[in-house]
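> A predicted structure for the sequence below; I have some questions about it.
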Amino acid sequence: MYFRWTKANGSVIVHENNGDDKLIVHLTAKAEDHNTKVTCVVEYDDTIIEKTVTLTVIFAPKILSGSHCAVEGGLLLCVCISQGNPLPPITWPLPSLTDFSVTSSSSIQTVRSVITMPAADHYGTITCVSMNHLGLARMDIPLQNHTETECDGLNLVLLAILIIFSYNCMCRGKGQEKKCGEDMDTYASLNLAAVEQPYSVITPQTR
């Protein structure tokens, strides 16, 4: 007699009875092992009897790290993702606000909720709450402004270009006589020649 447990990752664990007439197995299951199969196998001489059951794993809610808030245009969008069994509904405690919308979806043990509101109506953090009869999970989600992030990235690029240019000016190889200032003058002269258009000077003639 033995138990055969096929886990969510595809691995198989076998628990044998070592000759005893009965076998009691204590399984340590995780959330991802929900709906996996446990098979009890009994062998009598040349006869094999199998019985398979579906493993049900119940656990308290856990808010996942993929939860986030971001400002896009004039809207604040916050996403909260929670995992639990039974499915843990998600709520957004915003007692002072009325101008917002919430959409939710679920799959197996995961609930995903998105709240949308005018960005000017809220500052600081948004709180996400998920709960089932086994427990409650809460997360304060900080705001992330997409515009500020893009500007920070542009500033870093410009700073890197400035550092590289300064380094090239300071680290000239031996035998080169040009100075950084001369290069800058040449660069400015080239740009000026490329942009400016030639003009004719008309001098008044004396009659």
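Sure, I can see it. None of these values were measured; they are calculated from a predicted model.
> surely R4 meets V12?
Yes - counting by Cβ atoms under 8 Å, R4 touches V12, with 6.3 Å between them. Placement of C-beta: from N, CA and C, glycine included.
> now the residue nearest to S67 when sequence neighbours are not counted: how far from A120?
Nearest residue to S67, sequence neighbours excluded (Cβ to Cβ, 6 or more residues apart in numbering): C80, at 4.8 Å. For C80, the distance to A120 equals 21 Å [Cβ to Cβ, to the nearest Å].
> ranges for the strands of this protein?
Along the chain, counting by DSSP state E, strands occupy 2-6, 12-16, 37-44, 47-54, 59-63, 68-72, 75-85, 90-91, 101-107, 110-118, 125-132, 135-142.
> I108: neighbouring residues, count only.
I108: 11 surrounding residues under other Cβ atoms under 10 Å.
> in this structure it contacts V57, no?
No - the pair I108 / V57 is not scored as a contact, 11.1 Å apart, by Cβ under 8 Å.
> what sits in contact with each of those two?
With contacts taken as Cβ atoms under 8 Å, 6 or more residues apart in numbering, I108 and V57 have H34 as neighbours in common.
> and the protein, what are its domain boundaries?
2-57, 60-146 (automatic domain parsing).
> now A120, nearest residue through space, not along the chain?
Closest to A120 by Cβ to Cβ, 6+ apart is G74, at 7.3 Å.
> gap between the residue nearest to S67 and K30?
As judged by Cβ to Cβ, C80 and K30 stand 22 Å apart.
> neighbour count for the two, which is higher?
C80 (28 against 12).
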